[in-house]
Structure formats: C-alpha cells, structure tokens
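>>> need coordinates for the following:
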Amino acid sequence: MFVVTVKFIINTTFKAQFIEAVQKQAKDSLDLEPECHHFDVCTSQEKPNEVFLYEIYETAKSFDDHLITSHFKNFSQAISDWVELKTVETFKLEK
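Numbers count the residues shown, from 1 in each chain. The predicted model follows:
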C-alpha cells in the first residue's frame, strides 16, 4: 500500500471553504477511485489554519492516477488561492 500525507497551511479567511472542498475531495476520491482505500481530513487543535490529509492508495501509480482525475484537478484549482503552504510526503505501509 502507498500512503500519502499532505499538510496544508490555509489562509484563515478561507478555512471554512477549504474544509468543505477537501471533504468533498475525500468523498469523491473514495467513491470514484477503486484503488483509493482511505482518505482522512484532520485539523489541528493547536494551529487553526493547519489541515492534514492521510490517504492510502493501492500503489504509487494509483496515486499518480488520482492526480489526473477531473475531481482532483477541480479541487486543486478551487483551493489554489486559499493555500499558503502545501507539503506532500509519501510512504510505504508496512504490514
């Protein structure tokens, strides 16, 4: 399994819109992508403008395929002005 974590720092003016958009993105990814197995949206208790995503895909290719879906492209475009910083890391899930 291929794990992706994403940390966003969001402009606080757009926090509510971002949360709504990212929750839709998570649902779309799980509903429309058979190789997306897990997609959590987490918010920081200490840093109100920080959002953390934890995603699990079948393979690295599954994640690459995710990045070219129309729902991802629409999400990415919609949030572009709301994001101050985005950090992506990938991992292999050890079982």
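>>> show me what contacts the spatially most central residue of the chain?
Taking Cα atoms, centre = their mean, the centroid of the chain lies closest to Leu53, which sits 4.9 Å from it. By Cβ atoms under 8 Å, 6 or more residues apart in numbering, the contact set of Leu53 is 4-8, 22, 26, 39-42. From N, CA and C alone the C-beta is placed, and that goes for glycine too.
>>> bridging residues for Asp40?
Bridge pairing for Asp40 (DSSP bridges) gives the partners Tyr54.
>>> tell me who's in contact with it.
Counting by Cβ under 8 Å, 6+ apart, Asp40 has contacts 26, 53-55.
>>> please apply the same query to Ser44.
50-52.
>>> buried ones in the longest helix that the chain contains, by neighbour count?
If each helix of the chain is counted by residues according to DSSP state H, the longest one is helix 15-32. Residues 15, 18, 21-22, 25-26, 28-29 are the ones in helix 15-32 that count as buried (16 or more other Cβ atoms under 10 Å).
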